[in-house]
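[1] all I have is the shape, not the residue letters:
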């Protein structure tokens, strides 16, 4: 439903966070585990792991068929009861021809430790859909993003010519190594753009200029109407970043509020 709604609101791209099932299928889910956004605890109560004193149900412990049994909508709103976790192929089928795809490799090192090659799976799926080159389908451009520089380096090393974006969190203690002049130059060897938390562009007014000077695109995250201070709108916030700070694009929960000119 969120993907459909984004398309209805004229989003230029639709983002998919990618996880991997135990049988090697890419699915679209933000978390590496299922308990926050599905009823996995009710359906598979004994299939949990104990991690840091808490029960978790990792996506990679379940087959696609098992995950398809889960209610992935009720946690958000009862009107979405019965919604299922989509595969990435299902997301591609829904979005293709209507918007671009902006997949994120989530926890690639975690999946690597469990015997999966997320980067190879992503590129294989794109090849299967004939979306693995920059101009393959002008109506469905593809940009791949990740918080893992190693994941992007690996994909570049595998020969992909697709646009790659390095995400940078404001809560990552290692962020400064990528935001320095030296770090940006190193990132430019494998990435075409950066996706910094929007606060990083505010605390360092030089970042946009320095990144653009190296040829990076800049796509900060995440702009949403929820939680905006009184008297301010998300449209005004996005406009400031676009036209004053000078970013190239934005991640937003509210594409209908994007200040197009």
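    Everything's here; your move. Computed from a predicted structure; not experimentally measured.
[2] what ranges does this structure have for its helices?
    2-8, 40-43, 64-67, 88-95, 108-113, 118-128, 149-157, 175-179, 181-187, 198-203, 207-213, 234-240 (DSSP state H).
[3] so for residue 54, which of those sits nearest?
    Between residue 54 and the helices of the chain, the shortest separation by Cβ to Cβ is 11.7 Å, and it involves helix 40-43. Placement of C-beta: from N, CA and C, glycine included.
[4] quick one: buried residues of the closest one?
    Judged by neighbour count using 16 or more other Cβ atoms under 10 Å, the buried positions of helix 40-43 are 40, 43.
[5] which residues are contacting that helix?
    34, 35, 47, 48, 55, 57, 62, 69, 70 (Cβ atoms under 8 Å, 6 or more residues apart in numbering).
[6] OK, contacts around the spatially closest residue to the fourth one that is not a sequence neighbour?
    Pointing back at residue 48 there. Of all residues not flanking residue 48 in the chain, residue 55 sits nearest, at 4.1 Å (Cβ to Cβ, 6 or more residues apart in numbering). Taking Cβ under 8 Å, 6+ apart, we find residue 55 in contact with 35, 41, 48, 49.
[7] buried members of the residues you listed into ChimeraX, please.
    Entered in ChimeraX, the line below selects the buried ones among the contacts of residue 55, by 16+ other Cβ under 10 Å:
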select :35,48
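[8] could you dump the contacts of residue 55 to TSV with pLDDT and distance to residue 76?
    Shown next, in TSV, are the contacts of residue 55 (pLDDT from 0 to 100; distance: Cβ to Cβ, whole Å):
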residue	pLDDT	distance to residue 76
35	98	14
41	97	16
48	96	22
49	95	24
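[9] on that earlier part again, bridging residues for the residue nearest to residue 48?
    residue 50 (DSSP bridges).
[10] and it, how far is that from residue 23?
    23 Å (Cβ to Cβ, to the nearest Å).
[11] now do the longest strand anywhere in the chain and helix 118-128, the angle between them.
    In the chain, with assignment by DSSP state E, the single longest strand is strand 13-20. The directions of strand 13-20 and helix 118-128 differ by 130 degrees, with axes from the mean of the first three to the mean of the last three Cα atoms, to 10 degrees as the criterion.
[12] who's in contact with strand 13-20?
    3, 6-7, 26-32, 59-60, 88, 91, 95, 99-107, 111, 116, 118, 121-122, 141, 143, 145, 251.
[13] taking the residues you listed, please make a ChimeraX selection of just the buried ones.
    Here is the ChimeraX command that selects only those of the contacts of strand 13-20 that count as buried (16+ other Cβ under 10 Å):
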select :3,6,26,27,28,29,31,32,59,60,88,91,95,99,100,101,102,103,104,105,106,107,111,116,118,121,122,141,143,145,251
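[14] how much space between the most centrally placed residue in the chain and residue 49?
    With distances taken as Cα atoms, centre = their mean, the chain has residue 104 as the residue nearest its mean C-alpha position (3.6 Å). Going from residue 104 to residue 49 by Cβ to Cβ gives 23 Å.
[15] chain center to the helix or strand of the chain with the lowest mean pLDDT, what's the gap?
    The helix or strand of the chain with the lowest confidence, counting by mean pLDDT, DSSP states H and E, is helix 175-179 at a mean of 91. Relative to the chain's own centre, helix 175-179 is displaced by 20 Å; criterion: Cα atoms, centre = their mean, to the nearest Å.
[16] elements contacting it?
    strand 163-168, helix 181-187 (3 or more Cβ pairs under 8 Å, 6 or more residues apart in numbering; DSSP states H and E).
[17] low-scoring stretches of the protein, by residue?
    For the chain, no stretch has pLDDT under 70.
[18] now for the nearest residue to residue 160 once chain neighbours are set aside: which residues touch it?
    For residue 160, ignoring the flanking residues on the chain, the nearest one in space by Cβ to Cβ, 6+ apart is residue 123 at 6.1 Å. Residues near residue 123 by Cβ under 8 Å, 6+ apart: 132, 155, 158, 160.
[19] selecting buried members of these in PyMOL, what would you type?
    Selection of buried members from the contacts of residue 123 for PyMOL, criterion 16+ other Cβ under 10 Å:
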select buried, resi 132+155+160
